[in-house]
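Participant: Here is a sequence with its predicted model. Questions after.
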Amino acid sequence: MIQAYEAGKYWPGGRELRLLCQALKVTPTRLLFATEHPFQADSPLQRMFGVGQDQLRLALFAQLIGILSRDEQEALVTLAGAVLEARHKDSFKKIVAGFEAAAEELQSEAPALGKAIDQMVTPKKVAAIERRVKRAMIAKGGDKPER
């Protein structure tokens with residue numbers, strides 16, 4: 001039956017949607033639209049970086065973690081890892097193993113990757129982004145320009 005849904009031959013009814021949501025531990029909105037807010041207009045940051053609301057929230061969370069001390073960051077990562085491992089042991093192990101393998105691969109490719117990034121992210125592009133961000137922050141009542 002799943003293949004019929006995937007092929008577009010059949011649409012799941014309310015009962016099937018409820019069962020799928022329970023099995024996948026997601027809301028019906030997330031199941032149907034891959035986001036909790038499908039009709040919310042994209043923010044300028046979402047359009048600029050081509051990301052969805054969920055990715056933007058993760059980026060914000062990552063930025064906020066940056067204001068914590070190194071010890072606080074380590075404690076938060078340890079706590080999150082323990083919760084994830086306890087609730088999703090097999091998936092957790094697979095993902096960690098995948099990241100470790102990717103890290104090893106990236107380490108061997110680091111010089112070439114760094115050179116490619118340097119060519120893509122020019123100082124001129126970085127300066128233009130910084131100017132746009134500063135203007136946006138000022139417009140929202142945030143940081144004032146340096147004198």
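Facilitator: Thanks, I have the structure now.
Participant: Check which helices and strands the lowest-mean-pLDDT helix or strand in the chain sits against.
Facilitator: Of all helical and strand segments in the chain, the minimum by mean pLDDT, DSSP states H and E falls on helix 44-49, at a mean of 74. In terms of contacts (3 or more CB pairs under 8 Å, 6 or more residues apart in numbering; DSSP states H and E), helix 44-49 is packed against helix 53-65. Bear in mind the C-beta positions are built from the backbone N, C-alpha and C, glycine included.
Participant: returning to what we had before: what's the least confident helix or strand of the chain in contact with?
Facilitator: By CB atoms under 8 Å, 6 or more residues apart in numbering, the surrounding residues in contact with helix 44-49 are 51-53, 56, 132, 136.
Participant: mind redoing it with 10 Å?
Facilitator: With contact meaning CB atoms under 10 Å, 6 or more residues apart in numbering, helix 44-49 is reached by 40-43, 51-53, 55-56, 59-60, 129, 132-133, 136.
Participant: quick one: which of these is nearest Ile117?
Facilitator: The shortest approach to Ile117 among those belongs to Ile129, at 14.6 Å (CB to CB).
Participant: So for the closest one, what's the pLDDT?
Facilitator: Turning to Ile129, the model gives it a pLDDT of 81.
Participant: And it, how far from Val121?
Facilitator: For Ile129, the distance to Val121 equals 9 Å [CB to CB, to the nearest Å].
Participant: Excluding sequence neighbours, find me the nearest residue to Trp11.
Facilitator: In space, Trp11 comes closest to Tyr5 once its chain neighbours are excluded; the distance is 7.1 Å by CB to CB, 6 or more residues apart in numbering.
Participant: ok, now Leu68?
Facilitator: Leu76 (6.9 Å).
Participant: The one you found - how many residues pack around it?
Facilitator: Using other CB atoms under 10 Å, Leu76 has 12 other residues around it.
Participant: thinking Lys9 is in contact with Gln3, fair?
Facilitator: Yes. Using CB atoms under 10 Å, Lys9 is in contact with Gln3, at 8.4 Å.
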